[in-house]
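**Q** A structural model of the following input is requested.
(chains A, B and C)
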Amino acid sequence: MQNNGWDEFEIGAMLRSFDGVAKDIPLKQPEDRNYSSSNSFTASVADWRIEKPLFNKDYCIDCQFCWIYCPDMSIIARDKKMVGVDMDHCKGCGICVEVCPTNPKSLLMFPEQADEEAELAGWPEKDKEEK
Amino acid sequence: MSEIKKIKNLKDFSTSADRFEGANLLCPGCAHSIIVREVLNATNDDLILSASTGCLEVCTAVYPYTSWDASWIHIGFENGSTAVAGAEAMHKALGNKGRLKQPDRNPKFISFAGDGASYDIGFQWISGCFERGHNMMHVVLDNEVYANTGGQRSSSTPIGSSATTSPAGRVSYGEKKNKKDMMAIMAAHGSPYVAQVSPNKWKNMVKAIQHGMEVEGPVFINAVSACTTEWKFAPEDTMALQDLATDSLVFPLYEIIDGTELNITYRPKNVVPVEEYLAAQGRFKHLFKDEYKYLIKEWQERVDAKWDYLQKREEARV
Amino acid sequence: MAFDKMELRDIEVWDGNFAAAQALRQAQVDVVAAYPITPSTPIVEGYAKFLADGYVEGEFVMVESEHAAMSGCIGAAAAGGRVATATSSQGFALMVETLYQASGMRLPIVLNVVNRALAAPLNVNGDHSDMYLGRDSGWIQFDSYSPQEAYDLNFIAFKVSEDHDVRLPAMVHQDGFMTSHTAQGVKTMDDDTAYNFIGDYKPMNDMLDFDHPVTYGVQTEEDWHFEHKARQHNDLMTKVFPKIQTAFDDFEKLTGRKYNIVESYDMDDADVTVLCMGTSVETAREVAKEMRAKGIKAGVVGIRVFRPFPFEQIKEALKGVKAIAVLDRSAPGGTPGAMFNEIAGALYNTDDRALLSGYIYGLGGRDLTKAHLVDLYTELQANVDAGKVTTPLQQFIGVRGPKLAFL
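**A** Numbers count the residues shown, from 1 in each chain, chains lettered A, B, ... in the order given. This next block holds a predicted model:
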């Protein structure tokens, strides 16, 4: 679409969210939806990030605070469980880490280039200072 | 009528499938998005949406991308409410004429607009929609500033805030006027439901949104939206700022039913001093100079007086 | 359908406003969002009354300003249904922002514009200032010269505007008071015939189709804006006239009433021609006949479709003419007049470039009399005889004080 000429798009600069018939969208998670190429879901803002959140499943209590307060629909929750972070849409704001109530936190910010395995292996211990 | 979506707890809520998509261009840590999610996820019904010109609009429909999974329209800065009202009128007309493609659906008509587009330039349009009684919801993303154009004051900007057109300077403490009381104004329109909400209190907010979606007629929602860019705080602190806003009672959460019946919907267990709320934001930094400290005291007095007034209204049931 | 048909006589005595209101009723418009302004108000009052009396079914949204009127029309049209409204003058000016938004989103809306002057000074009477204000807005603009035409052109406007190859909003203009408040005989269509000429509204990219969500009113910057505006212009330039011609042809077959994109009267052998719009066309036609009795081969050209501008049709209509007076009924604001400029542009590259002069007339509803037109044709004949324009290029007709002329 990026190089389309003036005669190659729909009139009125109208955009479609989905290809074809889109039924029961409120009941379908992204993997079951037929997004059109003009849906921003198909784009990425990963390059906005300086820091990235890493998720440590071991400490997560599935409270879903990160899910509800994520401004970028980037906390993947399925069947009431926290599954992981959508790294195409996460802008690295760090809200999920701030609202995470576990000790140690189940989400922490790391430099974008950090190695996930190494960071998970070296995850901080329980902080006795925190309540 | 469709059933109200059952949301008992956050785990329930997290099974929602968002109809607002990522890779929009809102700032990292923007509360607008959190508000929009809580509104849209409050229902599984079909949606007809609009946004007035502003951050939400310019960041979610930049060609060739849309971040909206339901039909959405933007016309201009002032008329998002009327766009939805027009669509609502068409829905009604086609319903009466038996020409709806999916007559069994129960769409919700929602317009989103910033405080500039609601309190200022779009005020007349909203007033018209409410006076006419369209079956719609107008949600203000209230960040108390024209954030999209770089931080000019609006009539929602509070006293002492430094905005680019009411800057703090050597001889000025910034904005001189108190925030317009839109809740009272919209309640005075006879709206069946107006509510001030904040996304940190998600359950309170979802309850208000669901209530608003169930009543017939125009519903006004004023949602506090902490703006990392213009309030000047770090993006990760957005929810902390929302907590300070509600728990300092700078943004008391309350509803007004049928223009008169006022209910306080959230009472903080520990009320935070207004000073803490102000201190967390760069836009109020100058108030902590010696010569302006009296303004912080006045702030606290205003917030206390408003809380007192709301409690009296609630008690009086008028 | 939960409304009654209205029995009409073959010929009714209607003013232009009521004729337009009847057209909106017969088109079974789904949503009218409107705000009153003189002289267009009776059009939407008419729709409201038809609704109240059960002769049409739809939603009448009485909004709080003309800006909101068009905003509501845009929302309703995007939702997917037949939409119309009416306005004039200051109301039109207030609408201008939304006019561009309606056409840019390619939404079919019919706007009846009862032409009226623009303040200051305030004036409620007819001139073409508001029509000219809309000329770059990307709408189709039809001009009617009489109540009959205001009635007929509304049907043409719906048919063309809603065509899926067009999907552009359309204005139907009539002169304030001269047409809007002057009752004349109007040949009617019965309700079924009128409605069937337009046909059912066919939705396209309708927001109310919940299984196909659409986004309207996106932002485009330097990377996309130009392409979208180019597309709109292309469609105005290439797609609209064939559809209008087909609609005119179909309408003639149905009613016997023939319309042309550019109307020519006594033009077969004309030496001198007055080119104008609105009710002045009818006055000029009468005077042209009288001039012919005096031996001057006078003709009249009327613009029926102002936008898209009928560049080729104008050239054809003016072929062989020796002198042309272009009449602009709008304060020119520092140029020779919009119509003058456009006609000059159309003729500049033609072989028989006629002698062209411009006249500003009728501002704020000032009458254009037959005497004015006699003088005008006489001046044109003098130009023909002299082989050059003997007067200033721009003259004012009917204004008090010393003769006003420029260029």
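
**Q** just give me the neighbour total for C:V160.
**A** By other Cβ atoms under 10 Å in any protein chain shown, 29 other residues sit near C:V160. In this view, the C-beta of every residue, glycine as well, is placed from N, C-alpha and C.

**Q** please identify the helix or strand for it.
**A** Using DSSP states H and E, C:V160 sits in helix C:147-162.

**Q** ok, that helix near chain B or not?
**A** No: for helix C:147-162, no contact with chain B is found by Cβ under 8 Å from any Cβ of the partner chain; the gap never falls below 14.2 Å.

**Q** can you show me the strands along the stretch 101-250 of chain C?
**A** For the stretch 101-250 of chain C, the strands defined by DSSP state E, counting those that start in this stretch occupy C:110-115, C:140-143, C:170-175, C:184-187, C:214-216.

**Q** actually chain B, not the one I wrote
**A** B:47-51, B:71-73, B:108-114, B:137-142, B:168-169, B:172-173, B:193-197, B:219-224, B:254-257, B:261-264 (DSSP state E).

**Q** which pLDDT value belongs to the closest residue to C:L254 other than its chain neighbours?
**A** Leaving aside its chain neighbours, C:L254 sits nearest to C:F197 (6.0 Å; criterion: Cβ to Cβ, 6 or more residues apart in numbering or on different chains). As predicted, C:F197 sits at a pLDDT of 98.

**Q** so C:F197 sits against C:M189, correct?
**A** Yes: contact between C:F197 and C:M189 holds when scored by Cβ atoms under 8 Å: they sit 7.2 Å apart.

**Q** so which bits of stretch B:300-311 are buried?
**A** The neighbour-count criterion (16 or more other Cβ atoms under 10 Å in any protein chain shown) identifies B:300, B:302-303, B:307, B:310 as the buried residues of stretch B:300-311.

**Q** can you give me the mean pLDDT across that stretch?
**A** The model assigns stretch B:300-311 a mean pLDDT of 98.

**Q** and if you look at stretch B:254-272?
**A** Mean per-residue pLDDT for stretch B:254-272: 97.

**Q** same thing with stretch A:11-24?
**A** For stretch A:11-24, mean pLDDT is 97.

**Q** would you check how far apart C:Q313 and B:Y266 are?
**A** Using Cβ to Cβ, to the nearest Å, we find C:Q313 at a distance of 68 Å from B:Y266.

**Q** let me fix that: B:F284
**A** Look at B:F284 and B:Y266: by Cβ to Cβ, they are 23 Å apart.

**Q** try C:P39
**A** C:P39 is 54 Å from B:Y266, by Cβ to Cβ.

**Q** show me which of those two is the more surrounded one.
**A** Comparing C:P39 with B:Y266 by other Cβ under 10 Å, the one with more neighbours is C:P39, at 27 against 19.

**Q** what about that one, which SS state?
**A** Applying DSSP: H, G, I helix; E, B strand; the rest coil to C:P39 yields a three-state assignment of coil.

**Q** same check, this time on A:C96
**A** Classification of A:C96 using three-state DSSP returns helix.

**Q** okay, now the closest residue to it other than its chain neighbours: neighbour count?
**A** Distances taken as Cβ to Cβ, 6+ apart put A:C66 closest to A:C96, at 3.8 Å, once the chain neighbours are dropped. Using other Cβ under 10 Å, A:C66 has 27 neighbouring residues.

**Q** before we move on, what about C:A371?
**A** C:A371: 10 neighbours (other Cβ under 10 Å).

**Q** so it versus C:L275, what's the distance?
**A** Where C:L275 is concerned, C:A371 sits at a distance of 19 Å (Cβ to Cβ).

**Q** residue in chain B nearest to chain A?
**A** Nearest residue of chain B to chain A, counting by Cβ to the nearest Cβ: B:G22, 2.7 Å away.

**Q** got the contact list for that residue?
**A** A:40-41, A:45, A:72-74, A:86, A:88-90, B:67 (Cβ atoms under 8 Å, 6 or more residues apart in numbering or on different chains).

**Q** so which of the buried residues of stretch B:300-311 is the closest to B:N79?
**A** Closest approach between these and B:N79, by Cβ to Cβ: B:L310, at 31.7 Å.

**Q** okay but the closest one is in contact with B:L253, surely?
**A** No: under the criterion of Cβ under 8 Å, B:L310 makes no contact with B:L253, lying 9.9 Å away.

**Q** residues that sit against both of the two, list them.
**A** Joint contacts of B:L310 and B:L253 (Cβ under 8 Å, 6+ apart) are B:I264.

**Q** run through the helices of the chain in chain order.
**A** Chain wasn't specified; assuming chain A. Applying DSSP state H to chain A gives helices spanning A:65-69, A:95-99, A:116-121.

**Q** chain C, not that one
**A** Remark: helices assigned in chain C by DSSP H are C:16-26, C:41-52, C:66-79, C:89-104, C:129-133, C:147-162, C:191-198, C:225-238, C:240-255, C:280-293, C:311-317, C:338-347, C:370-386.

**Q** name the residues of the longest one that are buried.
**A** By neighbour count, and taking 16+ other Cβ under 10 Å as the criterion, the buried residues in helix C:370-386 are C:372-374, C:376-377, C:379-381, C:383-384.

**Q** and B:K269, how many residues sit next to it?
**A** Residues lying near B:K269 (other Cβ under 10 Å) number 5.

**Q** report pLDDT for residue 2.
**A** All of this refers to chain A. At A:Q2, the predicted lDDT confidence score is 69.

**Q** hm, I was asking about chain B
**A** Looking at B:S2, its pLDDT stands at 68.

**Q** same question for C:A19.
**A** C:A19 is assigned 98 on the pLDDT scale.

**Q** now distance to chain A too, for the buried residues of stretch B:300-311, in CSV please.
**A** CSV is the format used below for the buried residues of stretch B:300-311 (distance: Cβ to the nearest Cβ, whole Å):
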residue, distance to chain A
B:Q300, 26
B:R302, 29
B:V303, 25
B:W307, 26
B:L310, 26
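
**Q** just checking, which of those belong to helices?
**A** Counting by DSSP H, the part of the buried residues of stretch B:300-311 found in helices is B:300, B:302-303, B:307, B:310.

**Q** where along chain A do the strands fall?
**A** Secondary structure of chain A, counting by DSSP E: strands at A:15-16, A:51-55, A:75-78, A:81-85, A:107-111.

**Q** in its sheet, what does the shortest one sit against?
**A** It stands for strand A:15-16. Using DSSP bridges, the strands paired with strand A:15-16 are strand C:214-216 (antiparallel).

**Q** thanks a lot, catch you later.
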